[in-house]
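Colleague: Any chance you could fold what I've pasted below:
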Amino acid sequence: MVINKKMKIEPDKKKLIELAHYRMPYGKYKGRYLVDIPEPYYTWFHQKGFPEGKLGNLLSAMHEIKVNGLESLIHKIQKDFPKDYL
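Modeller: The predicted structure is shown next:
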């Protein structure tokens with residue numbers, strides 16, 4: 001996210017596209033898009049603590065998207081901006 005001089009928050013397009021196409025690298029949901037993992041999984045991580053680093057940041061962001069009911073935006077990004085768009 002970028003904050004310009006007028007304090008307007010603008011999403012980082014590349015990071016949203018990466019989030020939309022990121023797949024879970026391990027565990028029960030290995031290989032699934034983060035957006036397709038059930039919300040209770042994110043709630044559990046939120047309570048126990050997200051992992052460090054990039055994966056933790058992506059899981060935390062997806063948790064916010066899911067609790068706010070914004071999954072349809074991520075599905076639209078997947079459709080409109082293929083992974084190779086990056």
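
Colleague: Please make it C-alpha for all contacts and neighbour counts, starting now.
Modeller: Will do.

Colleague: where does this protein dip in pLDDT?
Modeller: 1-11, 85-86 (pLDDT under 70).

Colleague: what's the burial count for the nearest residue to residue 42 once chain neighbours are set aside?
Modeller: Among residues not flanking residue 42 along the chain, residue 63 sits closest, at 5.4 Å (Cα to Cα, 6 or more residues apart in numbering). Counted with other Cα atoms under 10 Å, the neighbours of residue 63 add up to 22.

Colleague: thought residue 63 was touching residue 47?
Modeller: No - if you go by Cα atoms under 8 Å, residue 63 and residue 47 don't touch, sitting 11.3 Å apart.

Colleague: rewinding a little: which other residues reach the strand or helix carrying the residue nearest to residue 42?
Modeller: With secondary structure defined by DSSP states H and E, residue 63 is part of helix 53-67. Applying Cα atoms under 8 Å, 6 or more residues apart in numbering, the external contacts of helix 53-67 come out as 19, 34, 35, 39, 42, 43, 46, 50, 71.
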